[in-house]
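S.K.: For reference, the sequence and a predicted model appear below.
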Amino acid sequence: MKMLVSKLNSLMELKNINCYELSKKTGIANTTLNTLLKGGTDKFDIVKLKRICEVLGCSLDYLMDDNINEYDYSYINETPSHYYVNEDVAQYAQEIANNQDLKMLFDAAKDIKKEDMQLVYEMVKRLKDNAQ
């Protein structure tokens with residue numbers, strides 16, 4: 001449980017999310033999360049852990065397996081759905097994030113408008129298509 005707590009705290013720091021925000025996004029009581037994050041329990045509902053994983057963008061394996069180093073980011077989704085302010089942009093960004101050639105263009109575009117993202121995407125796509 002100690003490793004799980006350490007991983008959760010590291011992920012929350014990495015994703016810049018506090019306990020209150022995690023509580024709101026998962027529907028898990030803030031007091032329940034606080035108890036978990038302070039290592040105050042040896043038991044925790046697997047369904048709640050799955051919700052935490054969805055919000056923090058990690059696999060359940062990452063949290064539960066003590067043999068996986070907490071800094072092994074291969075188990076962590078780099079672009080969680082809550083990364084972008086606008087939900088439409090988040091969906092569009094996920095499509096782009098799945099394309100390894102274009103993903104790096106949007107790593108710092110947290111509050112970009114969807115139209116701007118589409119414009120840049122089309123420009124890069126045209127450049128790439130013309131180069132082939």
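M.R.: Yep, it's here. Please read all numbers here as calculations on a predicted model, not as lab measurements.

S.K.: C-alpha only now, for contacts and for neighbours.
M.R.: Will do.

S.K.: Which SSE is immediately downstream of the least confident helix or strand in the chain by mean pLDDT?
M.R.: Using mean pLDDT, DSSP states H and E, the weakest-scoring helix or strand in the chain turns out to be helix 87-97, at a mean of 69. Downstream of helix 87-97, the next assigned helix or strand under DSSP states H and E is helix 114-131.

S.K.: chain center to that following helix: distance?
M.R.: 25 Å (Cα atoms, centre = their mean, to the nearest Å).

S.K.: What residues sit buried inside that helix?
M.R.: Under the neighbour-count criterion of 16 or more other Cα atoms under 10 Å, helix 114-131 has 114, 117, 121 buried.

S.K.: What helices and strands are in contact with that helix?
M.R.: helix 87-97 (3 or more Cα pairs under 8 Å, 6 or more residues apart in numbering; DSSP states H and E).

S.K.: Compute the number of surrounding residues for residue 57.
M.R.: 19 (other Cα atoms under 10 Å).

S.K.: could you check the distance from the spatially closest residue to it that is not a sequence neighbour over to residue 44?
M.R.: Closest residue to residue 57 apart from its sequence neighbours, by Cα to Cα, 6 or more residues apart in numbering: residue 77 at 4.8 Å. For residue 77, the distance to residue 44 (Cα to Cα, to the nearest Å) stands at 23 Å.
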